[in-house]
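# Take a look and give me a structure for this.
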Amino acid sequence: MDTETSPKICCHCGCCRITYNFLFVLSLFGSLCLHIFDVGSDIYVLTDLYTKSYEFFIACLTIMGLSFIGSSIASGLFLSDKDVEKDKKFNPACSDKSSSTNILNILLGLFQIGIFIEAYRSFKIGQKTHPFVWSRLVEGLVESCPQSLFQLFVVLQSGDSFSVLDTIRYYSSIAISIFSISIVMVAFEFYRYNYEVIINNVEHVEGIKKL
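Predicted coordinates:
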């Protein structure tokens, strides 16, 4: 089967065919896993710093707190509706929602549940929702970037007192944060370009309809 006559097929080798839908689901699942691993590794570092340095613990807790607050604000303002549709202009219309709904959405974001709701809705429509992309961007800029720099500072500052296992864990957490923000920035660039073409009918690169 030819990919030109079957646009849903990305590539194939013999009887093995990879569809664009499969790549989308893989991308969505990968984004969620990165988010979980990133937050999980940061929580581990936070608990570890509690036993090692109170000042570092407070700094790490502040960064994570800002990240959770950013996620809660993003969810409260931009959480999509359950009837969200594919290739539609993003209109949060948070002012049209009741105060109780906005407060609930804020709490969902604070406890990191909002992104899973957006992931489900993204899977349902076959396209990442606008709030999903934006929440990942906020998490990357507010948490992953400063957290990776802070953890690198901690390792360089106090590395002599760390065991080999602790050093591996810290560097693993740093690597996850850096990889996460890299994926976030690339995904956001794809999202913005495709949004401009599909919704606003603006081609920034002639002849390129979709990234």
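# Where do the helices of this protein begin and end?
Assigned by DSSP state H, the helices in the chain fall at 20-52, 54-78, 99-110, 114-125, 130-139, 145-158, 164-198.
# Give me the distance between the first one and the centre of its chain.
Averaging C-alpha positions (Cα atoms, centre = their mean, to the nearest Å) puts helix 20-52 9 Å from its chain's average.
# hang on, the earlier thing: and residue 205, which of the helices of the chain is closest to it?
helix 164-198 (8.0 Å; Cβ to Cβ). Just so you know, the C-beta spots here come from the backbone N, C-alpha and C atoms, and that holds for glycine as well.
# Please point out which parts of the closest one sit buried.
166, 169-170, 173-174, 176-178, 180-181, 183-184, 187-188, 191, 193-195, 197-198 (16 or more other Cβ atoms under 10 Å).
# any idea which residue sits dead centre in this protein?
residue 136 (2.7 Å; Cα atoms, centre = their mean).
# give the contact list for the residue nearest to that residue when sequence neighbours are not counted.
Once flanking residues are discounted, residue 136 sits nearest to residue 184: 5.0 Å by Cβ to Cβ, 6 or more residues apart in numbering. Contacts were defined as Cβ atoms under 8 Å, 6 or more residues apart in numbering; by that measure residue 184 touches 136, 137, 139, 140, 144.
# if you set the cut-off to 7 Å instead, what comes out?
Contacts for residue 184 (Cβ atoms under 7 Å, 6 or more residues apart in numbering) come out as 136, 137, 140.
# For the residue nearest to the centre of the chain, give its distance to residue 53.
Going from residue 136 to residue 53 by Cβ to Cβ, to the nearest Å gives 30 Å.
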